[in-house]
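1. coords please:
(4 chains)
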2 protein chains.
Amino acid sequence: MSAMSEQTSVAQPIRIAIVDDHPLVREGLAARIATQPDLRVCCEAADPDSALAMIRARRPDLAIVDVALKQGSGLDLVKALSGDGNGPKMLVVSAYDEELFAERMLRAGAHGYVNKQELHGSVLEAIRAVLAGEIYLSPGLAQRLASQAVSGRRSAQGLELLSDRELQIFELIGRGAGTRAIAAQLHLSVHTIESHREHIRAKLNLRNGTELLRRAVLWTLESRA
Amino acid sequence: MSAMSEQTSVAQPIRIAIVDDHPLVREGLAARIATQPDLRVCCEAADPDSALAMIRARRPDLAIVDVALKQGSGLDLVKALSGDGNGPKMLVVSAYDEELFAERMLRAGAHGYVNKQELHGSVLEAIRAVLAGEIYLSPGLAQRLASQAVSGRRSAQGLELLSDRELQIFELIGRGAGTRAIAAQLHLSVHTIESHREHIRAKLNLRNGTELLRRAVLWTLESRA
DNA sequence: TCACCGATGGTGGATTCCACCACGACACCT
DNA sequence: AGGTGTCGTGGTGGAATCCACCATCGGTGA
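-> Numbers count the residues shown, from 1 in each chain, chains lettered A, B, ... in the order given. Predicted structure coming up:
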């Protein structure tokens, strides 16, 4: 909405950080934000690690974060930031419209979740809402989440059953990463990854690692990053 | 917006169509193109079907196409356009840096392939190159493709240098069958299958069985078109 | 004939998988 | 406070698989 009554000129613009691994998306966001005189992009990052450092150093008012950052899933970034105490507001943008991620992100401390598909011009709306202290969700997504909550049905493909960690590992498997590589990337023991694999297999009713890999590859293709 | 008549220095601006299902990416591209006085975005589309109609109607000089369009994979779009005869140049942008996709796209008639990751500022470079009649590839991608061609064997996906047996087994792998299952189904020794796997890996320049499985799954998916 | 390749199969060592277990942290219930 | 559950992290040991060589046999082409 255009209820900008307390527009205190451009003396103190609201500072926004953008975290996305696609330069094009960053530029698209920046272009939109540039249309608003009281908003300003203060810094950008392409991966969660540098993003965390950057945000802690620059202390923006709002951070726009992509779910699917190449290493370390963005979920960790949101968790870390929300654990920081008086951190920025966090608006998550995603290529997935999965209720799956929205729920997790909000639980992890995000203040809004917008799908890249749905935002014809609604990012700004989302930004305003989040800055005002509200929780913002893409319209379609909000509806699906609501109807899902009513019917109690949660079975997209059984993936809801996976915990955050498990889902993250599932995603990495889908990208073609082997157990060893995942362990290295996440700084975890190989045994831990294997343990997670096993739990994932159990929850998804998969017999062997081959079926798991297959499922993961298929899924990451369908809901592309 | 910034659709001002710029015909002062350039009588005939080059007209570009953008096809991507993410509005943000479209805007990012448009923002970059807007910095060039002789280039102009003439139309946009979010899905392959409307894109095809649009491009045939508007006849742009260049079409920038995302691989990962929701329905119909963008590959079909490129094929259709290149089958049209005197169609536009086609530059493919992708979230994947997979050699696989690049190769298929180029063979389908695309004139360039850029990864969304790599393009810090190089889309314009790519656009220029493609318009000039060259074939453009992301630097990293070009390098990998080249080294692949030098080291091992040249190959469209390399699949045509598989023997009949190997191709058959490759397909079964793609369907999710394990080595043991394949052996049983073909009434062969497990060792034989493993031997074939090894040969396939060698011919396709794949390091481990995981990559093989991944490649096989991808292929059996994309070959539905 | 000879050299090569495709299909089949093997050996042995490295790697990975997998079932089962364990412990600490945290949440939720009553 | 206790009890129960799940989550994340690790481990062990045996089974399965992978993988780099190697071998045989039959066909095909120089």
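
2. quick one: contacts for the most centrally placed residue in chain A?
-> Closest residue to the average C-alpha location of chain A: residue A:67 at 2.5 Å, with CA atoms, centre = their mean. By CB atoms under 8 Å, 6 or more residues apart in numbering or on different chains, the contact list for residue A:67 reads A:73-75, A:92-96, A:101, A:105. C-beta here means a position set from N, CA and C on the backbone, and glycine is covered the same way.

3. can you list these in TSV and add distance to residue B:42, pLDDT and neighbour count?
-> Below are the contacts of residue A:67 laid out as TSV (distance: CB to CB, whole Å; pLDDT from 0 to 100; neighbours: other CB atoms under 10 Å in any protein chain shown):
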residue	distance to residue B:42	pLDDT	neighbour count
A:73	38	70	23
A:74	35	76	28
A:75	40	78	25
A:92	33	89	29
A:93	27	87	26
A:94	30	82	23
A:95	26	76	23
A:96	31	71	17
A:101	35	79	25
A:105	37	84	24
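
4. OK, contacts around residue A:116?
-> Residue A:116 is in contact with A:25, A:93-95, B:22-25, counting by CB under 8 Å, 6+ apart.

5. so which of the residues you listed would you say is closest to residue B:159?
-> Nearest to residue B:159 among those is residue A:95, at 29.4 Å by CB to CB.

6. tell me what the helix or strand where residue A:193 lies is packed against?
-> Using DSSP states H and E, the element containing residue A:193 is helix A:190-204. The contact analysis (3 or more CB pairs under 8 Å, 6 or more residues apart in numbering or on different chains; DSSP states H and E) places helix A:190-204 against helix A:164-174, helix A:179-186, helix A:209-222.

7. So which of these is nearest DNA strand D?
-> Set against DNA strand D and scored by CB to the nearest atom of the strand, these come closest in helix A:164-174, at 3.4 Å.

8. how about the closest one against DNA strand C, any contact?
-> No: using CB under 7 Å from any atom of the strand, helix A:164-174 never reaches DNA strand C; the gap is at least 8.8 Å.

9. ok, and what's touching that helix?
-> The set of residues that contact helix A:164-174 without belonging to it, under CB under 8 Å, 6+ apart, is A:68, A:73, A:75, A:100, A:104, A:108, A:159, A:162, A:181-182, A:185-186, A:193, A:196-197, A:199-200, A:203, A:212-213, A:216-221.

10. that older thread, and the helices and strands packed on helix A:190-204, which is most packed in?
-> helix A:164-174 (a mean of 21; mean count of other CB atoms under 10 Å in any protein chain shown).

11. follow-up on the earlier one: sort out for me which of the contacts of residue A:67 are in strands.
-> Cross-referencing the contacts of residue A:67 against strands under DSSP state E gives A:92-94.

12. in chain A, what secondary structure element scores lowest on mean pLDDT?
-> The helix or strand of chain A with the lowest confidence, counting by mean pLDDT, DSSP states H and E, is helix A:139-151 at a mean of 68.

13. hmm, stretch A:12-30 in reach of chain B?
-> Yes: Stretch A:12-30 comes into contact with chain B (CB under 8 Å from any CB of the partner chain), by way of A:21-30.

14. export those to CSV and tack on distance to residue B:124?
-> Formatted as CSV, those follow (distance: CB to CB, whole Å):
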residue, distance to residue B:124
A:21, 20
A:22, 16
A:23, 12
A:24, 12
A:25, 17
A:26, 16
A:27, 12
A:28, 16
A:29, 19
A:30, 17
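
15. wait, which of those residues is closest to DNA strand C?
-> Nearest to DNA strand C among the residues of stretch A:12-30 next to chain B: residue A:21, at 26.4 Å, using CB to the nearest atom of the strand.

16. remind me which residues of chain A are low pLDDT?
-> Low-confidence segments of chain A (pLDDT under 70): A:1-10, A:69-72, A:97-98, A:118-121, A:146-157, A:222-225.

17. per-domain residue ranges of chain A.
-> As assigned by automatic domain parsing, chain A contains the domains A:14-149, A:159-222.

18. Of those domains, flag the one that's most buried.
-> Comparing the domains of chain A by mean neighbour count (mean count of other CB under 10 Å), domain A:14-149 ranks first with a mean of 19.

19. what about that domain and DNA strand D, any contact?
-> No: contact between domain A:14-149 and DNA strand D, assessed by CB under 7 Å from any atom of the strand, is absent, since the two come no nearer than 9.4 Å.

20. when you scan that domain, is anything in it near DNA strand C?
-> No: using CB under 7 Å from any atom of the strand, domain A:14-149 stays clear of DNA strand C, with a minimum separation of 9.7 Å.

21. What values do phi and psi take at the one residue in chain A that gets nearest to DNA strand D?
-> Among the residues of chain A, residue A:163 lies closest to DNA strand D, at 2.9 Å counting by CB to the nearest atom of the strand. For residue A:163, the backbone dihedrals are phi -80, psi 170 (criterion: degrees, to the nearest 10).

22. Not counting sequence-adjacent ones, nearest residue to it?
-> Spatial nearest neighbour of residue A:163, chain neighbours left out: residue A:199 (8.0 Å); criterion: CB to CB, 6 or more residues apart in numbering or on different chains.

23. and the residue nearest to residue A:196 when sequence neighbours are not counted, how far is that from residue B:48?
-> Nearest residue to residue A:196, sequence neighbours excluded (CB to CB, 6+ apart): residue A:169, at 4.9 Å. As for residue A:169, its distance to residue B:48 is 33 Å (criterion: CB to CB, to the nearest Å).

24. what does residue A:122 give?
-> For residue A:122, the distance to residue B:48 (CB to CB) stands at 24 Å.

25. how about the residues of chain A that lie near chain B?
-> For chain A, the contact set with chain B under CB under 8 Å from any CB comprises A:21-32, A:70, A:93, A:95, A:116-117, A:119-120, A:123, A:176, A:178, A:208, A:210-211, A:213-214, A:217-218, A:221, A:224-225.

26. let's go with 7 Å and repeat that
-> On the criterion CB under 7 Å from any CB of the partner chain, chain B has as its neighbours in chain A the residues A:21-25, A:27-29, A:31-32, A:116-117, A:119-120, A:176, A:178, A:208, A:210-211, A:213-214, A:217-218, A:221, A:224-225.

27. Farthest pair within the residues of stretch A:12-30 next to chain B?
-> Pairwise distances across the residues of stretch A:12-30 next to chain B (CB to CB) peak at 14.9 Å, for the pair A:21 and A:30.

28. coming back round to it: from the ones in strands among the contacts of residue A:67, pick the one nearest residue A:112.
-> Out of the ones in strands among the contacts of residue A:67, the one with the shortest distance to residue A:112 is residue A:92. That distance is 6.7 Å, counting by CB to CB.
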